[in-house]
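**Q** Take this sequence and fold it.
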Amino acid sequence: MAEVIIVESAEAAGEIAADAIEALVGGRPDAVLGLATGSTPLTTYRALATRGHDLSRVRGFALDEYVGLEPGHPQSYYSVIQREAVVPLGLNPQLVRVPGDDGTDAGAGERYERAIEEAGGVDLQLLGIGATGHIAFNEPGSSLASSTRVKTLMHQTRIDNARFFDTLEEVPRHCITQGLGTILRARHLVLLAFGENKAVAVAAALEGPVSASTPGSVVQLHPRVTVLVDEAAASGLRFADYYREAWDNKL
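**A** Below you'll find the predicted structure:
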């Protein structure tokens, strides 16, 4: 079972996630982090940036990237990762990869998988979850064993991400994303979710059946998962009281 921690705010969740990363890097300065984008991981990056830890040897692999945006586009995930993680955390940009940063041809997914493997695998993977239940850009119906590949985005996902663009039409229809099987190979998953609009997806992922219809449910198959949710995102959890008791009385 995942360790589910219900906190009062996204900032509190960010502090706990930053603690986990700091502990990891303290023991392994060249640790491999799985970097997420969007608004969800921002409190983690901000908390980590205040710790003053030397992260210059940390290697990073982003979860996904849009297809069709130039790397310099402000909403490309290459740019987002540079702006929200690399610069404030003092990461070495040469050690941070984004899917498709060496081209989005048919072999891009295999090359990215190989790069992760050659780095020794991801030690800690940050994750968010979409309203459709997707993690990374693995939309409902994605194979639970999938690897990095090009996917078509659901209309709802494009609507959700349109807030970062001037219009919905500017949101790309395709992406290249780590697969669910890729994510499962990380040694520690840290899933964060905030807000009432994530409550249904969180409940389905953590307490529903493991199903390709809810890609986030794949975390139930992983031996080490930490889930950090605020009260609103936890509002659909049947066993919320147990999760609170387990956290309050953790050995």
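**Q** Could I get the contacting residues of Val171?
**A** Leu153, Arg158, Asn161, Ala162, Phe164, Phe165 (CB atoms under 8 Å, 6 or more residues apart in numbering). Yep, even glycine has a C-beta here, placed from its N, CA and C like the rest.
**Q** And the residues you listed, which of them are buried?
**A** Leu153, Arg158, Asn161 (16 or more other CB atoms under 10 Å).
**Q** what's the pLDDT at the second one?
**A** Per-residue confidence for Arg158 comes out at a pLDDT of 94.
**Q** that's a strand at it, yeah?
**A** No - under DSSP: H, G, I helix; E, B strand; the rest coil, Arg158 sits outside any strand and is assigned helix.
**Q** rewinding a little: format the buried ones among the contacts of Val171 as a markdown table; extra columns: distance to Pro99.
**A** A markdown table is the format used below for the buried ones among the contacts of Val171 (distance: CB to CB, whole Å):
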| residue | distance to Pro99 |
| --- | --- |
| Leu153 | 14 |
| Arg158 | 18 |
| Asn161 | 16 |
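**Q** just curious, which of the residues you listed is nearest to Asp241?
**A** Nearest to Asp241, judged by CB to CB, of those is Asn161 at 34.1 Å.
**Q** can you redo the contacts of Val171 as TSV with distance to Gly208?
**A** Shown next, in TSV, are those (distance: CB to CB, whole Å):
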residue	distance to Gly208
Leu153	23
Arg158	25
Asn161	24
Ala162	28
Phe164	29
Phe165	31
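**Q** Reformat the residues you listed as TSV; add distance to Phe239 and secondary structure.
**A** Putting the contacts of Val171 into TSV (distance: CB to CB, whole Å; DSSP: H, G, I helix; E, B strand; the rest coil) gives the following:
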residue	distance to Phe239	secondary structure
Leu153	32	coil
Arg158	33	helix
Asn161	31	helix
Ala162	34	helix
Phe164	34	helix
Phe165	38	coil
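**Q** what about Arg244, neighbour count?
**A** Residues lying near Arg244 (other CB atoms under 10 Å) number 15.
**Q** what's the burial count for the nearest residue to His174 once chain neighbours are set aside?
**A** Leaving aside its chain neighbours, His174 sits nearest to Val67 (4.0 Å; criterion: CB to CB, 6 or more residues apart in numbering). For Val67, the neighbour count with other CB under 10 Å is 19.
**Q** do the one 3 residues further on as well
**A** For Glu70, the count of nearby residues is 8 (other CB under 10 Å).
**Q** quick one, what contacts it?
**A** By CB under 8 Å, 6+ apart, the contact list for Glu70 reads Ser76.
**Q** Does it fall in a helix, a strand, or a coil region?
**A** coil.
**Q** Show the contacting residues for Thr40.
**A** Neighbour list for Thr40: Ala10, Gly128, Leu192, Ala193, Phe194 [criterion: CB under 8 Å, 6+ apart].
**Q** switch the cut-off to 10 Å
**A** By CB atoms under 10 Å, 6 or more residues apart in numbering, the residues touching Thr40 are 10, 13-14, 126-130, 191-195, 198, 228.
**Q** Among those residues, list the two that are farthest apart in space.
**A** Gly14 and Gly130 (19.2 Å).
**Q** for the stretch 151-251 of the chain, what spans make up the helices?
**A** Ranges of helices in the stretch 151-251 of the chain, per DSSP state H, counting those that start in this stretch, are 155-161, 180-184, 199-207, 240-248.
**Q** hmm, back to that, of the contacts of Thr40, which is the nearest to Ser217?
**A** Comparing the contacts of Thr40 against Ser217 with CB to CB places Ile129 closest, at 10.0 Å.
**Q** Many thanks, have a good one.
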